[in-house]
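Q: I'd like to go over a predicted model; first the sequence, then the structure.
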Amino acid sequence: MSKDQSTLKGIPASPGIIIGEAYLLDSEEISVRRRPIKIGDIPKEIARFKKALAKTKEDILKIKEKISEEMGAQHGEIFSAHLLVLEDIMVIEEVIQRMKREKACVEFIFLDVLKKYVHAFSKMDDEYLKERISDITDVGKRILKNLIGAKTRTLSNLPKPVVIVAYDLSPSDTATMHKKNVIGFATDIGGRTSHTAIMAKSLEIPAVVGLEEVTANVTNGDTLIIDGTHGVVVVNPDKATLRQYESQKARYQSIEKGLASLKNLPSETKDGHRVVLAANIELPEEVPSVVLHGAEGIGLYRTEYFYMNKEGLPTEEEQFQAYRLVAEKTAPHSTIIRTLDLGGDKFLSQLDVPREMNPYLGWRAIRFCLARPDIFTAQLRAILRASAYGTLKIMYPMISGIDELRQANAILDRVKEDLRKNKVAFAENMEVGVMIEVPSAALTSDLLAEEADFFSIGTNDLIQYALAVDRVNEKIAYLYEPAHPGVLRLIKSVIDNGHKNGIWVGMCGEMASEPALALLLLGLGLDEFSMSPIVLPEIKKVIRAVTMKDAQDVAERALSLSTGKDVKMFVNRKLKQFVPELAVE
Ligand code: PEP
Ligand code: MG
């Protein structure tokens with residue numbers, strides 16, 4: 001009898017739908033017996049331990065080199081963290097001392113010390129340190145295996161394409177993973193910013209993380225649907241569900257194929273009104289995907305990811321190198337670098353930021369940068385220096401009024417002055433924009449427009465603040481409505497105020513990537529739409545399917561409706577009329 005269907009909800013880590021066979025990665029528990037040793041054996045045990053450490057170092061260096069070559073230095077850097085763990089002299093000393101005291105074999109003592117560290121880290125109330133657990137466990141297992149002579153698991157030679165199901169994937173797992181045989185993955189733990197999620201996105205493999213109990217609900221060979229766009233995993237789908245997802249997947253694929261032909265066509269309406277379609281990125285490694293999907297530049301380069309997964313803060317030089325690389329690779333198009341947007345759900349543990357009751361309303365983004373000019377200045381210097389190598393623009397996140405814009409610009413002016421004095425080249429006329437994601441900024445956009453070069457509407461936050469709906473709380477997700485009349489009125493006033501002052505207005509929040517809403521936004525006069533590269537072709541299709549008059553009529557009618565649901569229904573109907581293949585059933 002076939003097993004019942006079950007559906008699990010997790011965190012969407014990498015978009016797309018994939019249907020495949022489950023391959024459960026065992027948790028690799030290594031069992032080690034307590035073998036008593038005599039005092040005279042100790043030097044031999046220490047030598048064995050040192051040999052295992054040396055072999056582990058050799059293994060890690062080899063992987064680091066391979067990954068840096070294949071995927072870029074940023075991914076290889078993860079293994080530098082592993083080397084640091086390995087060289088942690090405290091652990092080594094502790095093992096040797098305990099071995100002398102307890103007269104037990106080195107693998108037994110080492111495993112015990114390892115468990116103690118993992119336990120201590122898991123109790124810490126800090127996202128960054130918690131994520132270090134996987135580094136410690138990964139290195140620890142390597143050392144143990146080298147001590148007892150076991151083989152290390154590898155995902156490089158799987159016999160057929162499978163969906164990997166695991167408690168978590170270690171950097172060593174993802175390093176040996178190949179797109180050819182790993183078609184998707186699902187993990188019990190992990191968040192949006194975990195290494196696993198970042199890796200999945202750059203490999204363009206659909207993935208869902210943070211499912212809590214996926215390993216308990218799946219056995220080898222089960223059929224799995226991974227919907228990485230919505231964070232859903234269906235285990236042993238029934239025929240109807242399978243059909244539904246198969247047709248959705250086929251639809252995506254045929255749209256993708258059809259859309260690929262649009263790559264070199266302009267993003268303009270039937271009557272020749274041009275808009276800019278740009279991409280959102282988090283890592284320089286994503287630039288090839290931006291180019292591949294035909295984006296005209298980068299509308300949002302989120303820089304906080306650059307501050308993660310490393311010891312300490314990035315230096316000005318490191319940032320300069322990354323920004324320069326992106327600027328050069330995106331040329332002749334421009335790249336908008338958003339200055340550090342720490343806070344809310346983006347925490348950086350290396351900064352001494354206290355926990356807050358209301359982090360979304362707290363010491364975040366531009367507020368933090370203005371209070372820490374040392375960090376802000378280093379980033380601005382790096383951006384300005386990189387601006388000599390391509391077209392870069394800056395935008396500030398979470399501006400709530402003109403004061404903050406002026407303060408940020410005053411620091412920027414000081415940095416420019418210093419660079420001039422030291423004869424360091426930078427683009428004198430670099431555009432400086434404001435993210436509109438706080439309702440007070442939207443309501444004073446007439447004032448901000450006089451002193452900004454452009455606006456980029458961050459609807460992810462603007463919606464949560466305008467509707468008082470936490471953007472990550474599942475319980476109230478039904479209230480998070482981009483089409484709410486209150487949100488639409490704010491957006492309209494931002495676009496109108498921008499245009500009245502002769503500046504362009506873009507959107508880098510997720511709303512810009514919803515085809516039916518894009519139609520409405522086009523009608524409101526939005527000049528630039530920025531989104532994940534993967535969804536870009538769909539939006540181009542929408543834009544090319546209508547005249548500006550069609551879109552304006554949609555916007556006008558939508559603004560006359562009184563509920564978000566009515567607006568949603570209406571724009572979906574219009575999308576079906578203009579672009580039937582993209583309509584949602
Ligand atoms: C937004 O708020 O819409 C946005 C693009 O920024 P983030 O999602 O990084 O907060
Ligand atoms: Mg935001």
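A: Great, that's in hand. Ligands and ions are numbered 1, 2, ... in the order given.
Q: Can you pull the residues of the stretch 301-450 of the chain lying near ligand 1?
A: Contact residues (Cβ under 6 Å from any ligand atom) of the stretch 301-450 of the chain with ligand 1: Arg302, Asp341, Glu437. In short, each C-beta sits where N, CA and C put it, glycine included.
Q: Scan those and report the most crowded one.
A: Glu437 (26 neighbours; other Cβ atoms under 10 Å).
Q: Excluding chain neighbours, give the residue nearest to it in space.
A: Gly458 (3.4 Å; Cβ to Cβ, 6 or more residues apart in numbering).
Q: Low-confidence regions, the stretch 1-150 of the chain specifically.
A: 1-2, 26-31, 70-72, 74-75, 89-90, 125-131, 150 (pLDDT under 70).
Q: What ranges does it have for its strands?
A: For the stretch 1-150 of the chain, the strands defined by DSSP state E, counting those that start in this stretch occupy 6-9, 11-14, 17-24.
Q: Of these, which is nearest ligand 2?
A: strand 11-14 (17.3 Å; Cβ to the ion).
Q: can you tell me if the closest one touches ligand 1.
A: No. Strand 11-14 does not reach ligand 1 (Cβ under 6 Å from any ligand atom); its nearest approach is 13.5 Å.
Q: So what are the sheet partners of that strand and their directions?
A: Here strand 11-14 has these sheet partners by DSSP bridges: strand 207-209 (antiparallel).
Q: hmm, back to that, and the residue nearest to Glu437, how many neighbours?
A: Gly458, neighbours per other Cβ under 10 Å, totals 26.
Q: And the one 10 residues further on, by the same measure?
A: Other residues within reach of Ala468 by the criterion other Cβ under 10 Å amount to 8.
Q: just to revisit the earlier point, if I look at the residue nearest to Glu437, how far off is ligand 2?
A: For Gly458, the distance to ligand 2 (Cβ to the ion, to the nearest Å) stands at 4 Å.
Q: hang on, that residue packs against Cys508?
A: Yes. With contacts counted by Cβ atoms under 8 Å, Gly458 reaches Cys508, the gap being 6.0 Å.
Q: shared neighbours of the two, anything?
A: Residues touching both Gly458 and Cys508 by Cβ atoms under 8 Å, 6 or more residues apart in numbering: Met435.
Q: now the residue nearest to Glu437: how far from Leu524?
A: Gly458 sits 16 Å away from Leu524, going by Cβ to Cβ, to the nearest Å.
Q: again with Gln552
A: For Gln552 relative to Leu524 (Cβ to Cβ), the value is 8 Å.
Q: Of the two, which one has the most company?
A: Using other Cβ under 10 Å, the more surrounded residue of Gln552 and Leu524 is Leu524, with 21 against 16.
Q: In contact with the more buried one, which residues?
A: Leu488, Ile491, Lys492, Ile495, Ala555.
Q: same thing with Val424?
A: Arg385.
Q: Which of the three states applies to it?
A: Here Val424 is recorded as coil under DSSP: H, G, I helix; E, B strand; the rest coil.
Q: can you check the one 5 residues further on too?
A: Secondary structure, three-state DSSP: Asn429 is coil.
Q: That one: how many residues sit nearby?
A: Residues lying near Asn429 (other Cβ under 10 Å) number 6.
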